[in-house]
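Student: show me how the following folds:
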Amino acid sequence: MSHLLPRRSFLGLGLGGALSAFTGVDASAQSKSSRRAGRAKRVLVIFEQGGVSHIDTWDPKPEAPLEHRSPFKPIRTNVPGMLFTELLSKTARVADKLTVVRCMTQPTPGIGNSHPKGSQYVFSGEAPGGPIEMPDIGSVVAHRMGTSALYLPSNILLPGTDEQAAESRVGFLPPGYAAFKTGGSPADPTWRVPNLGLLAGIDERRFKERRDLLSSLDVGFVNAGRAKDAVAMNALMGQAADMLTNPLTRKAFDINRVPAKVREAYGTGHRGQCYLLARQLIEAGVRFVTVDVREPMNSFKDGKPVTYGGGGNMNWDHHDAIYSQTHTNVPNGGAGAERWGIGTWPMMGSTDQAFAALIEDMDRSGLLQDTLVCFVTEFGRTPKVNERQGRDHWTFSFSFAFAGAGVPGGQVVGSTDRDGGYISSSMAYTLDDYAATLYEKLGIDRTKPIMTATGRPMYLAAKGKPIPELF
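Tutor: Here you go, the predicted model:
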């Protein structure tokens with residue numbers, strides 16, 4: 001048996017959450033009526049982690065008290081009466097493609113001051129801490145819908161290197177549904193997605209010989225009654241082989257083949273190139289892509305190394321000097337001293353450019369018709385500026401933005417008060433509602449539970465309801 005590819009090596013090929021070809025067997029769990037209701041074939045989630053300040057971006061408050069007012073002025077968008085702040089000047093040009101929900105709230109106690117719990121809540125659409133750990137929405141989608149590209153993972157998290165990527169969970173689902181993490185930075189000219197190649201010393205011919213030999217053996221299924229498991233494993237192994245030998249796999253991750261003009265439109269830094277890679281993976285047929293990205297302190301721009309001095313974590317947790325024009329390092333440190341000001345290029349400058357380019361690109365290519373794009377964060381920032389000239393965590397109101405897959409464009413849903421502190425509209429939506437919306441858009445029947453290994457039925461977004469204004 002020593003001539004076989006060892007089991008550990010086979011699993012170590014880095015396929016991770018990619019190995020879900022057999023997930024298609026669960027597609028029958030969706031009712032016909034639910035499938036008809038779905039408008040989305042794929043989902044692209046932009047998770048800007050750390051708590052983006054809604055007051056400085058999607059929900060301008062020019063009448064707030066001067067000492068707490070954002071210095072960034074409201075600007076017109078291409079939709080009459082729909083205003084963003086000047087930090088979203090490029091996104092303002094695609095407002096007719098967006099619905100901005102200004103009445104998001106996160107009322108679950110104990111989560112508001114926790115980035116890990118908040119991130120897990122966004123990933124899963126379920127408040128963490130229950131008796132059974134819930135899987136990510138992307139894992140559920142892979143389980144229920146399978147893949148439309150057998151040579152690619154069906155659930156991808158990119159780059160998957162930031163600290164909150166550890167909050168991604170497969171929950172009670174089999175490990176094969178976990179998110180595949182690309183690692184690295186596509187802005188680096190030498191970057192290649194790891195773990196999608198054959199092991200050193202094994203060429204394609206030898207790999208196929210070993211695969212054929214392996215397929216002739218009963219691997220791990222001594223119980224002849226577990227025929228369904230055997231079929232699933234064979235399908236999984238088939239996808240693994242396809243991913244390792246299909247040239248389309250690496251092509252989907254190769255953004256060097258994208259015209260320079262397109263790459264520049266997104267921005268040639270880490271964030272812009274991650275957004276571009278996400279769009280490319282969606283086009284290649286990946287079912288669920290999540291971008292959890294921030295500019296690293298040591299990164300690349302225009303293909304050359306660039307260093308952003310001043311700290312080590314460029315997420316949106318602006319407890320200190322949120323309006324700094326460079327880095328936010330302040331005397332005696334502080335909880336938010338590791339990032340640059342919200343209006344700088346590594347922060348909203350790169351985000352505005354990348355998001356606007358993404359929406360324009362997907363609309364032009366037709367991908368926006370059946371791809372749901374979500375711009376999300378785990379909570380907002382306080383309506384008052386603190387003594388460190390920053391804004392702290394705020395769960396009472398914040399904003400999400402949506403586009404594509406039948407989402408009405410040029411629309412604002414809900415409102416907040418003069419300060420942006422509390423929801424003033426009759427409607428208010430939670431992260432559970434966000435999850436329910438994604439499932440409904442995809443046509444996944446939430447009345448059909450997923451059974452745990454112990455036979456316990458688990459219902460999806462059980463406490464949520466789809467946001468009606470997005471349909």
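
Student: so Leu44 sits in a strand?
Tutor: Yes - counting by DSSP: H, G, I helix; E, B strand; the rest coil, one finds Leu44 located in a strand.

Student: isn't it up against Ala278?
Tutor: Yes - look at Leu44 against Ala278 with Cβ atoms under 8 Å: they come within range, at 5.7 Å. Where you see a C-beta, it was placed from the backbone N, CA and C, and this is true even at glycine.

Student: which residues do the two both contact?
Tutor: Taking Cβ atoms under 8 Å, 6 or more residues apart in numbering as the contact rule, Leu44 and Ala278 both touch 289, 291.

Student: check contacts around the residue nearest to Pro116 when sequence neighbours are not counted.
Tutor: Closest residue in space to Pro116, ignoring its immediate chain neighbours: Glu167 at 5.2 Å, by Cβ to Cβ, 6 or more residues apart in numbering. Taking Cβ under 8 Å, 6+ apart, we find Glu167 in contact with 116-117, 119-120, 123.

Student: quick one: buried ones out of these?
Tutor: Burial by neighbour count, judged by 16 or more other Cβ atoms under 10 Å, picks out 117, 119-120, 123 from the contacts of Glu167.

Student: now the residues you listed as JSON lines including pLDDT, secondary structure and distance to Ile75?
Tutor: Compiled in JSON lines, those are given as follows (pLDDT from 0 to 100; DSSP: H, G, I helix; E, B strand; the rest coil; distance: Cβ to Cβ, whole Å):
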{"residue": "Lys117", "pLDDT": "96", "secondary structure": "helix", "distance to Ile75": "34"}
{"residue": "Ser119", "pLDDT": "97", "secondary structure": "helix", "distance to Ile75": "30"}
{"residue": "Gln120", "pLDDT": "97", "secondary structure": "helix", "distance to Ile75": "35"}
{"residue": "Phe123", "pLDDT": "98", "secondary structure": "helix", "distance to Ile75": "32"}
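
Student: any weak-confidence spans in this protein?
Tutor: For the chain, applying pLDDT under 70 flags the ranges 1-37, 195-245, 311-312, 329-337.

Student: give the buried residues for the helix or strand hosting Leu158.
Tutor: Using DSSP states H and E, Leu158 sits within strand 155-159. Residues of strand 155-159 classed as buried under the neighbour-count rule (16+ other Cβ under 10 Å) are 155-159.

Student: again with stretch 100-108
Tutor: Quick answer for stretch 100-108 (16+ other Cβ under 10 Å): 100-106, 108.

Student: same deal with stretch 52-68?
Tutor: By 16+ other Cβ under 10 Å, the buried positions in stretch 52-68 come out as 52-61, 64, 68.

Student: how about the strands in the stretch 1-150 of the chain?
Tutor: With DSSP state E, counting those that start in this stretch applied, the stretch 1-150 of the chain shows strands at 42-47, 74-76, 83-85, 98-104, listed in chain order.

Student: the ones you listed: which one's closest to Pro346?
Tutor: Of all the strands of the stretch 1-150 of the chain, it is strand 42-47 that lies closest to Pro346, at 16.2 Å by Cβ to Cβ.

Student: what packs against the closest one?
Tutor: Here strand 42-47 touches helix 115-124, helix 137-145, helix 270-284, strand 288-292, strand 371-376, helix 431-442, going by 3 or more Cβ pairs under 8 Å, 6 or more residues apart in numbering; DSSP states H and E.
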